[in-house]
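1. A structural model of the following input is requested.
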Amino acid sequence: MSAKFLITHATVVTMNDARDVLYDGAILLSDERIVALGATDDLLVQYPEGERIDGTGKVILPGLINAHTHIAMSLQKGVTMSVPEGLYRVMWPVGKSLTPEDCYVGALIGGAEALKGGTTCVVDHYFHMEQVARATTELGVRGVMGHTIMSRLGPITGERELEEGIDFVKRWKGKDPLVIPWLAPHATDTVARDWLLRLRDVATAEGVGLHLHVAQSPRERDYIQELYGMGCVDYLADIGFLGPDVLAAHCLFIDTAEIDHFEASGAHPLYCPMGHALHGHPQRAWEMIQRGIGVLIGTDCVCTNNEMNLVSELRIAGTSQKQLVGDFEAMPPLKILETVTRDAADAIGMGDRLGSLAPGYLADLIMLDFDGLHAVPNYGLLDNIIYTCHGRDVNTVIVHGKVVVRDHRLTTMDEGRLVALAKERGPALIKRALASEEDLAYLWREAGRS
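-> Numbering: from 1, shown residues only. Below you'll find the model as predicted:
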């Protein structure tokens, strides 16, 4: 791909300040930046030279930002779908058998699936983050990345992980434009109070954000209640942890008074529509959005969701919230798009570079096929983007000016090789886990014999 190219004859949903939509629009990209947008005929006259991409029958959106992922968990796809308390009974026991190479391979597979599902930036949280960053840079997906830190309960705990989480930030700051290092304490019940306070101080000093899980289970809530006599969000507010640089995943088991802390602090609850719906506990996302709270959307991991498909997640966000609050006007399509573009870009500190299609912004964008049977006729563009499109409609993905998906296929990796790696390393991980964790045997008898 040349350094400069023009996408023509597309419908361009800019998500700029005016929320302009350009019909028969064009976008000029040069290196990693957007240079110009406008009517196709005008830009063809102004920029007659360079490579062209025909966008006929396609809708262009800013690259989608998936605000909560664990892409390296792709080797564990679906393992907790039918298991109560699967986090504790399955994910953590399996996690004890993870190797750094597992996380690299898993991140290749999960990152590739995320790209093909419309994500150009993952906000990721997992162990062996150095290997995850290795994978994402090879794939060409942007990442806000934090090494998981746990002081208790989890599969990988201890002071070494705390120091590695801090060192990861220092190693990667400014190292690669596709890697934005953050701090990633696991959760309120798995990270000691003094560690949370230290990480809060380091985040402020280093100018990076904090990404953690909050009130994701009754067990977490009950532990904090027993220890401190308050809810999980109350606890974080009480120790001065919350702020606009905090992304708080799930926030399912909280009361109305705790929502006040999000409004006061500017912290961002992370809504994972499919995972929450599957487990019967949808986040009160629309209620918080109506109060001006910056709710963002993520897919979470494929253990509980089964896919890294952000485009398809948007439909579930709309339908689940309408059903939850009993209001068909809840979560309008424009708001849903804002949560994965402009709002998410602001939350990760890149609102002046990502989240909109505008001159000078980074060239992160996706193109959806919009001429299939399910997408025509088109009487309501935004409605159709949310409620008729899915990940398989993602035709082209461009990150930092580089085409990483073209005509539905990865350009940076061989997909057949990734499928083979998943089939090889996934069962191998499960076999190791079965051998070392007897309590898992009933879950995967077939996997253990394969």
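
2. so where's this protein uncertain?
-> 1-3, 442-450 (pLDDT under 70).

3. Give me the most central residue, it.
-> N66 (2.4 Å; Cα atoms, centre = their mean).

4. Just the element for that one, please.
-> Under the criterion of DSSP states H and E, N66 resides in strand 64-69.

5. C-terminal to that strand, what's the next element?
-> Next element after strand 64-69 (DSSP H and E): helix 86.

6. Name the residues that touch that following helix?
-> Defining contact as Cβ atoms under 8 Å, 6 or more residues apart in numbering, one finds that helix 86 is touched by V79, T80, C303, T304. Any C-beta I mention is one placed from the backbone N, CA and C, and that applies to glycine too.

7. Chain neighbours aside, what residue packs nearest to the residue nearest to the centre of the chain?
-> Nearest residue to N66 in three dimensions, chain neighbours excluded: T119, at 4.3 Å (Cβ to Cβ, 6 or more residues apart in numbering).

8. Show me the domain layout of the chain.
-> 4-61+363-410, 64-347 (automatic domain parsing).

9. In TSV, list these along with distance to A433.
-> Below are the domains of the chain laid out as TSV (distance: least, Cβ to Cβ, whole Å):
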stretch	distance to A433
domain 4-61+363-410	29
domain 64-347	4
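
10. which of the ones you listed sits most buried?
-> By mean neighbour count, with neighbours taken as mean count of other Cβ atoms under 10 Å, domain 64-347 ranks first of the domains of the chain at a mean of 21.

11. Distance from it to the middle of the chain?
-> 8 Å (Cα atoms, centre = their mean, to the nearest Å).

12. Just the terminal-to-terminal distance for it.
-> Using Cα to Cα, to the nearest Å, the end-to-end distance of domain 64-347 comes to 13 Å.

13. residues touching the nearest residue to L362 once chain neighbours are set aside, list them.
-> Counting by Cβ to Cβ, 6+ apart, R353 is the residue found nearest to L362 once chain neighbours are left out, at 4.9 Å. Residues counted as contacts of R353 (Cβ under 8 Å, 6+ apart) are A345, Y361, L362.

14. what's the answer for L108, then?
-> Taking Cβ under 8 Å, 6+ apart as the test, what L108 contacts is A135, E138, L139, M413, L418, L421.

15. tell me, which helix in this structure spans the most residues?
-> Counting by DSSP state H, the longest helix found in the chain is helix 415-436.

16. can you list contacts of that one?
-> Taking Cβ under 8 Å, 6+ apart as the rule, helix 415-436 contacts 74-77, 79, 93-94, 96-98, 101-102, 105-106, 108-109, 112, 409, 440-441, 444, 447-448, 450.

17. Out of those, which sit inside strands?
-> R409 (DSSP state E).

18. Can you tell me which of the contacts of R353 is nearest A317?
-> Among the contacts of R353, A345 lies closest to A317 (Cβ to Cβ), at 17.7 Å.

19. Wait, the closest one touches Y361, no?
-> No. At 9.3 Å, A345 does not count as touching Y361 under the criterion of Cβ atoms under 8 Å.

20. bridging residues for A248?
-> When bridges are called by DSSP bridges, A248 pairs up with L212, P269.

21. need the contact list for it.
-> Contacts for A248 (Cβ under 8 Å, 6+ apart) come out as L212, H213, V214, V233, L236, F262, A267, H268, P269, L270.

22. Just flag the most distant two among the residues you listed.
-> Largest pairwise distance in those, by Cβ to Cβ, is 15.0 Å, between H213 and F262.

23. give the contact list for T339.
-> By Cβ under 8 Å, 6+ apart, the residues touching T339 are A67, Y271, V295, L296, I297, A317.

24. how about the CA coordinates for stretch 400-408, as PDB?
-> As requested, the backbone C-alpha atoms of stretch 400-408 are provided in PDB (Å, rounded to 0.1, in the frame of the first residue of the first chain):
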ATOM      1  CA  HIS A 400      -2.400   4.000  11.600                       C
ATOM      2  CA  GLY A 401      -2.700   4.400   7.800                       C
ATOM      3  CA  LYS A 402      -2.000   0.700   7.100                       C
ATOM      4  CA  VAL A 403      -4.600  -1.700   5.600                       C
ATOM      5  CA  VAL A 404      -4.700  -4.600   8.000                       C
ATOM      6  CA  VAL A 405      -7.900  -6.200   6.700                       C
ATOM      7  CA  ARG A 406      -8.800  -6.100   3.000                       C
ATOM      8  CA  ASP A 407     -11.900  -7.800   1.400                       C
ATOM      9  CA  HIS A 408     -12.600  -9.500   4.800                       C
END
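
25. who touches that stretch?
-> For stretch 400-408, the external contacting residues (Cβ under 8 Å, 6+ apart) are 1, 3, 29-33, 115-116, 139-142, 177-178, 362-364, 392, 394-398, 410-412.

26. when you check those against the helices, which ones overlap?
-> Using DSSP H, the contacts of stretch 400-408 in helices are L115, K116, L139.

27. Of those, which is the nearest to T190?
-> The closest of the ones in helices among the contacts of stretch 400-408, once distances to T190 are taken by Cβ to Cβ, is L139, at 28.9 Å.

28. what's the nearest residue to that closest one if we skip its chain neighbours?
-> Using Cβ to Cβ, 6+ apart, the closest residue to L139 is G111 (4.6 Å).

29. Go ahead and confirm that neighbour touches I71.
-> Yes. In this structure G111 lies within contact range of I71 using Cβ under 8 Å: 5.0 Å.

30. For P181, pull up the helix or strand it's in.
-> Per DSSP H and E: strand 179-185 holds P181.

31. Give the other helices and strands that whichever helix or strand comes after that strand contacts.
-> Next in sequence after strand 179-185, counting helices and strands by DSSP H and E, comes helix 193-206. Using 3 or more Cβ pairs under 8 Å, 6 or more residues apart in numbering; DSSP states H and E, the elements in contact with helix 193-206 are helix 159-172, strand 179-185, strand 210-214.

32. Same list, those, but as a markdown table with distance to D20 please.
-> Shown next, in a markdown table, are the helices and strands packed on helix 193-206 (distance: least, Cβ to Cβ, whole Å):
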| stretch | distance to D20 |
| --- | --- |
| helix 159-172 | 35 |
| strand 179-185 | 28 |
| strand 210-214 | 32 |
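
33. Mind checking the ones you listed for the one nearest to I53?
-> Closest among the helices and strands packed on helix 193-206, using Cβ to Cβ: strand 179-185, at 26.9 Å.

34. follow-up on the earlier one: dig out what the residue nearest to the centre of the chain forms beta bridges with.
-> V122.

35. how much space between it and L354?
-> Going from N66 to L354 by Cβ to Cβ, to the nearest Å gives 13 Å.

36. So for the two, which residues contact both of them?
-> C121.

37. picking up where we left off before, out of the contacts of A248, who's nearest M15?
-> H268 (18.1 Å).
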